[in-house]
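Colleague: Here is the input, now give the coordinates:
(2 chains)
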Amino acid sequence: MIVIADRLFRRSFDSLEEIFAFTAAFFATHAIDAGLLPTVDLTLEELFTNMVKYSPGGNPHIRIEMATTEGGVEVTLTDYDVERFDVTRAPDVNIDLPIEERRPGGLGLYLVRRLVDSLHYEYSNDRRQSRITFRKTLSGRAG
Amino acid sequence: MLKIESGGDGVAVIAGRLDAAQCPAVQAFLEHVEGVVTLDCRGLEYISSAGLGVLLKTQKRLTGSAGKLRLVGVSHHLLDIFRYSGFDQIFEIEAAG
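Modeller: Now for the predicted structure:
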């Protein structure tokens, strides 16, 4: 797989606007179906903001790589100088609870797992580096 | 960018992208609404879990005092997100025509 876009973003919620501009430009440049963009943006936001919230002492920058795949995209986020946090093992929220029992939180990763075709996590103990890769294609899951 | 403003007669109008960076402004606006409020989502292009959290918090507060938040003009994509989140069980939602 050839990485065809790669950029560092500041560890801040304020980077979201730049991230969305990055994905939109990538989609336009490579003529990727625009119907996939909202899910890619949502997934990137959820994973990126998790890194910002839960690893405030990590490297000031988080890397995002985007590559084309057949019928869609593959995206990798790399977080440096952080503890392990496996997003694929986060507990699911119960979306059937009545409103009195619903609490904000946990919904982001639940949605990500529901919307993308695949989601992989790897952690390097030596480098204290987390890498999350997801794939979204037209033939994949809903959303 | 995101914009939220009063549309009069219990209607609030939201437009743009409701991501985590925009939530504080939306939260500040919705903290002041009371009763039955219709949120016109025709211009809402995007919402993440942070935005869903703001809507949930508002709904919990309003339903606690016999009010509620209605979501109208919801796009197909956002409707999917609301359904996947179980929000169709706790909000009255009207899809865009």
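Colleague: what does chain A have sitting close to chain B?
Modeller: Applying Cβ under 8 Å from any Cβ of the partner chain, one finds that chain A approaches chain B through A:13-14, A:16-17, A:20, A:38, A:41-42, A:45-46, A:49, A:95-100, A:102, A:104-105, A:107-108, A:110-111, A:114-115, A:142-143. Heads up, the C-betas are built off the backbone N, CA and C, glycines and all.
Colleague: Just the buried subset of these, please.
Modeller: The neighbour count (16 or more other Cβ atoms under 10 Å in any protein chain shown) marks A:13, A:16, A:20, A:38, A:41-42, A:45-46, A:49, A:95, A:99, A:102, A:104, A:107-108, A:110-111, A:114-115, A:143 as buried among the residues of chain A next to chain B.
Colleague: Strands of chain A, residue ranges please.
Modeller: Applying DSSP state E to chain A gives strands spanning A:5-10, A:61-69, A:72-80, A:118-124, A:129-137.
Colleague: Can you list the neighbours in contact with the shortest one?
Modeller: Strand A:5-10 is contacted from outside by A:15, A:18-19, A:22, A:26, A:48, A:60-67, using Cβ atoms under 8 Å, 6 or more residues apart in numbering or on different chains.
Colleague: again, only using 10 Å
Modeller: Residues from elsewhere that reach strand A:5-10 (Cβ atoms under 10 Å, 6 or more residues apart in numbering or on different chains): A:15-16, A:18-19, A:22-23, A:25-26, A:29-30, A:44, A:48, A:51-52, A:59-68, A:73, A:75-78, A:80.
Colleague: same thing with the fourth one?
Modeller: Strand A:118-124 is contacted by residues A:43, A:47, A:74, A:76, A:78-80, A:82-89, A:109, A:112-113, A:129-137, A:140-141 when judged by Cβ under 10 Å, 6+ apart.
Colleague: got the buried residues for it?
Modeller: Buried, per 16+ other Cβ under 10 Å, within strand A:118-124: A:119, A:121, A:123.
Colleague: Same question for the shortest one.
Modeller: Applying a neighbour-count criterion of 16+ other Cβ under 10 Å, the buried positions in strand A:5-10 are A:5, A:9.
Colleague: same thing with the second one?
Modeller: Buried residues in strand A:61-69, counting neighbours by 16+ other Cβ under 10 Å, are found at A:61-68.
Colleague: Now which of the contacts of strand A:118-124 would you call buried?
Modeller: For the contacts of strand A:118-124, buried by 16+ other Cβ under 10 Å: A:43, A:47, A:74, A:76, A:78-80, A:82, A:85, A:87, A:109, A:112-113, A:129-137, A:140.
Colleague: Could you find the closest non-adjacent residue to residue A:132?
Modeller: In this structure, residue A:132 finds its nearest non-sequential neighbour in residue A:77, 4.9 Å apart by Cβ to Cβ, 6 or more residues apart in numbering or on different chains.
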